[in-house]
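K.L.:
pasting the sequence and the predicted coordinates here, then a few questions.
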Amino acid sequence: VQLQASGGGLVQPGGSLRLSCVASGFNFDQYAVGWFRQAPGKDREGISCMSNREGVTYYRDSVKGRFTISRDNAKGTVYLQMNSLKVDDTAVYLCAAGRRPVLQSDGWIYWGQGTQVTVSS
């Protein structure tokens, strides 16, 4: 089982990034997917998640209207489009797969290794 996240980088405030997470080794379309982030000295927090069938999405209040989660089951990939990035969005972003789409870290089964997003002028 593997979740490989990519797409992070350095971007100026107000800029955009698109993260990707490619899954392998399990039936991706049967799992909910989620994005989390962890900044230095802070707890891991849920950013967005999506159910496996109906495509129901959930977002953390601080990213609503700026971030969009999507998935391509044929490619085994989940995306996170991040617009209007702020300095406070700086963190390592991790993808996860699990049975239920929840913004809490507990309960997710598979985790990716993370990709660094730095928002700075």
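P.N.:
Cool, got the structure.
K.L.:
quick one: the strands in the chain?
P.N.:
Along the chain, counting by DSSP state E, strands occupy 2-6, 9-11, 17-24, 32-38, 45-50, 57-59, 67-72, 77-82, 91-98, 108-111, 115-119.
K.L.:
contacts only, for R60.
P.N.:
Counting by CB atoms under 8 Å, 6 or more residues apart in numbering, R60 touches E45, G46, I47, S48, L103. The C-beta positions use only the backbone N, C-alpha and C, and glycine is treated the same way.
K.L.:
let's have those residues in a markdown table, adding neighbour count and pLDDT.
P.N.:
Shown next, in a markdown table, are those (neighbours: other CB atoms under 10 Å; pLDDT from 0 to 100):
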| residue | neighbour count | pLDDT |
| --- | --- | --- |
| E45 | 15 | 96 |
| G46 | 19 | 97 |
| I47 | 25 | 97 |
| S48 | 23 | 98 |
| L103 | 16 | 96 |
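K.L.:
farthest pair within these?
P.N.:
Farthest-apart pair in those is E45 and S48; separation 10.8 Å (CB to CB).
K.L.:
joint contacts of those two?
P.N.:
R60, L103.
K.L.:
dump the contacts of R60 into CSV; add distance to S62 as well.
P.N.:
Formatted as CSV, the contacts of R60 follow (distance: CB to CB, whole Å):
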residue, distance to S62
E45, 9
G46, 11
I47, 9
S48, 11
L103, 11
